[in-house]
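> Curious how this folds, go ahead:
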Amino acid sequence: MNIYHELFHSKDDEELGDRYFVNYMFRFEKALLRSQVDGGLVPKKAWEFVCENIKFEDIDLDLIIKEIPLSGNAAIPFVKQLNYLVKKNGADKSYFHLGATSQDLIDTCMSMMLRDKIEFYISGSTRYLRDLLVELTNKYRNTVMIGRTLMQHAIPITFGLKAAKWMISVSDILQTILNEKFSLTLGGAAGSDNQYINDDVRRSVAASLGLDSTSWHENNDFAKIATHLGLLQGVLSKIAKDISLLSQTEIGELSEGNKPGKGGSSTMPHKRNPVLCTAILANSIRVPHLVATMLSCMTQENERSAGAWHAQWEVMYEIVSLVSDSLVKAIDLILNLQVFPEKMKTNLDATKGLIFSERIALTLADQFGKDKAHELLEQASDLVLKTNKHLKEVLTEMGIQNVDFTVCFDLQEYVVFSNYVIDQILKQNENLI
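Residues are numbered from 1 along each chain as shown. Just a heads-up that it's a prediction; the model follows:
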C-alpha cells in the first residue's frame, strides 16, 4: 500500500487480500479431506472431527505470513498450522493435505481467486461498460464529427460510430473473458497422482470448489487469463486515449464529467485535467509488462520451477487489481462523459471543406478517371491552403464543368454511411451476447 494506491488500484482489493486467500486455502483442504472420506481413503471420523473442532477463525494469519520466507510459499506454514490445530484439539493424527503438494494448494486457490474476481466483478463491470457504450452509440449516431487518421483531419463520421467501435471492442473481449476456464490443480508431488489422489477425488474436489476438474501440473491457464486481462486493459486504454485527445483545448469535443476539486492544477486554476483517462493510460503502460512476466513464467523447469512458479503470485494479483480499477474508471468516464456537438461542428469547418476532397475525387473519377481526379483535388487542396478560400469556391474558380458539387458537401451522406456501419456493429454485438 502506498499513497497512490487508490489512484491506480481497485478499491475492492480486499477481495484479493491475504485473509481471503487463506480462506480459499482452508476451503481447499476441507474439500480434499471430504472427498477422500467419501472415497473411503480416510476415516469418516476425521471429517467429523474437523467440522466440530477446526474453524477458519482459529487460523493465525500473521504467523503464516511470518513463516513464509522460511518455506518459500504460503502452503507449508498453513498446513503446519492446520496440523497444530488438530493436535491442539485432541486428535492424535491429522488427515489434512494427504497426497497433495504445495502447488496443488496454491494454484487451486489462485484459480478460485481469479474466478471469483472475474465472474463477480470484472465480467459484470465489463458488461455494464458495454451497455453504456451501446447507449452512447445510439444517442450520438447522427452527431457528425471529423474522423482523424494519423492525427490529421480525414473525413466526417459520427460520434456514434466512434462509440460503436469502442463498444464492439469491449464486447469482443467480454466474450473471451466469459469463456475463461478456471481449473483445479491436484496431482500430488509431481503431478502423477498417488494413493490419496485419483480421478474420483479430483472430480469431487473440483465440484465442491466450483472449478474445472481437468488438472495439469504445469498448466498455462494463468498466462492465458493474464493475456486476456491485458487485452481488456488495452481496449480501455484506446477509449481513454481517444477521449483525452478529443478533450484537448484546441479540440474541445469531449470532456470528463466535472466535479469540485477534480482535475485541478496546483498552480493553474483554469486547468481541468483528464484524471480518469490519465489513470487508465498509466495502468495501460504497466499491465503489458506484467502480462509479459506471466508469459515468461510459462518456461518452467521440469515438474515445478524454482522461480517461474513463484513469480506468478504477486504479478497476477497486480494485473487483476490494475485492470479492475481501470474498469471502474472507464465506467465513470463514459457514465459522466460530456459531449459538445457544436464544437464538433465547428471543427468540421476548420479545413475549409478539405474533408470532402475524397468524396469529390470519387465524383470526378467518372468524368476524368481516378488518377486525374486525384491530381485535380491535390491542386485544389493546395490552393485552399495558400488562399484560405473554401474548397467549393476554389473548384468553381478552377472551371471544372458539368459537375454538381453541392451533394458532395452534404454531411447527411456521411451520417447515412456511419449509421450503416453502426447497425452492423450493433448486430454483431447482439450475436455475441
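> Tell me which residues of stretch 297-311 come out buried.
297, 300, 304-305, 308-309 (16 or more other C-beta atoms under 10 Å). For glycine as for every other residue, the C-beta is placed from the backbone atoms N, C-alpha and C.
> Can you dump the C-alpha atoms of stretch 376-391 in CSV for me?
This file holds the C-alpha atoms of stretch 376-391, laid out as CSV (Å, rounded to 0.1, in the frame of the first residue of the first chain):
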residue,chain,number,x,y,z
LEU,A,376,-7.2,17.8,-59.6
LEU,A,377,-8.1,17.6,-56.0
GLU,A,378,-4.5,17.8,-54.9
GLN,A,379,-4.2,21.0,-56.9
ALA,A,380,-7.4,22.3,-55.4
SER,A,381,-6.3,21.4,-51.9
ASP,A,382,-3.0,23.3,-52.3
LEU,A,383,-5.0,26.4,-53.4
VAL,A,384,-7.2,26.2,-50.4
LEU,A,385,-4.2,26.2,-48.1
LYS,A,386,-2.5,29.0,-50.0
THR,A,387,-5.5,31.3,-50.4
ASN,A,388,-7.6,30.3,-47.3
LYS,A,389,-10.6,30.0,-49.6
HIS,A,390,-13.2,27.3,-49.2
LEU,A,391,-12.8,24.3,-51.4
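> Output the contacting helices and strands for the stretch of helix or strand Met25 belongs to.
Using DSSP states H and E, Met25 maps to helix 18-38. Applying 3 or more C-beta pairs under 8 Å, 6 or more residues apart in numbering; DSSP states H and E, one finds that helix 18-38 contacts helix 44-53, helix 61-71, helix 75-88, helix 102-117, helix 199-209.
> Between helix 61-71 and it, find me the angle.
Taking axes from the mean of the first three to the mean of the last three C-alpha atoms, to 10 degrees, one finds helix 18-38 and helix 61-71 inclined to each other by 80 degrees.
> Give me the angle between helix 18-38 and helix 75-88.
60 degrees.
> Can you list the buried residues in helix 18-38?
By neighbour count with 16+ other C-beta under 10 Å, helix 18-38 contains the buried residues 20-37.
> Not counting that helix itself, show me its contacts.
With contact meaning C-beta atoms under 8 Å, 6 or more residues apart in numbering, helix 18-38 is reached by 14, 42-44, 46-47, 50, 56, 59, 61, 64-65, 74-75, 78-79, 82, 95-100, 104-105, 108-109, 112-113, 186, 196, 200-201, 204-205, 208-209.
> And stretch 146-160, by the same measure?
136-145, 253, 339, 341, 344, 347-348, 350-351, 354-356, 358-359, 411, 414-415, 418-419, 422.
> Now name the helix or strand holding Ile146.
Assigned by DSSP H and E, Ile146 falls within strand 144-149.
> Give me the angle between the helix or strand containing Tyr420 and strand 144-149.
Assigned by DSSP H and E, Tyr420 belongs to helix 412-432. Relative orientation of helix 412-432 versus strand 144-149 (the same axes, to 10 degrees): 80 degrees.
> Show me what the mean pLDDT comes to for helix 412-432.
When pLDDT is averaged along helix 412-432, the result is 94.
> who does that helix touch, helix- and strand-wise?
Helix 412-432 packs on helix 123-139, strand 152-158, helix 159-178, going by 3+ C-beta pairs under 8 Å, 6+ apart.
> before we move on, back to that, the buried residues of stretch 297-311: which two are farthest apart?
Cys297 and Arg304 (12.0 Å; C-beta to C-beta).
> tell me the pLDDT at Glu397?
88.
> just Leu82 next, same as before
96.
> ok, it touching Leu98?
No - assessed by C-beta atoms under 8 Å, Leu82 is found out of contact with Leu98, at 11.7 Å.
> Of the two, which one has the most company?
Set Leu82 next to Leu98 and count neighbours by other C-beta atoms under 10 Å: Leu82 wins out with 22 against 19.
> Skipping adjacent residues, who's closest to the more buried one in space?
Nearest residue to Leu82, sequence neighbours excluded (C-beta to C-beta, 6 or more residues apart in numbering): Phe96, at 4.6 Å.
> Check for me that the one you found belongs to a helix.
No - Phe96: not assigned to a helix; according to DSSP: H, G, I helix; E, B strand; the rest coil it is coil.
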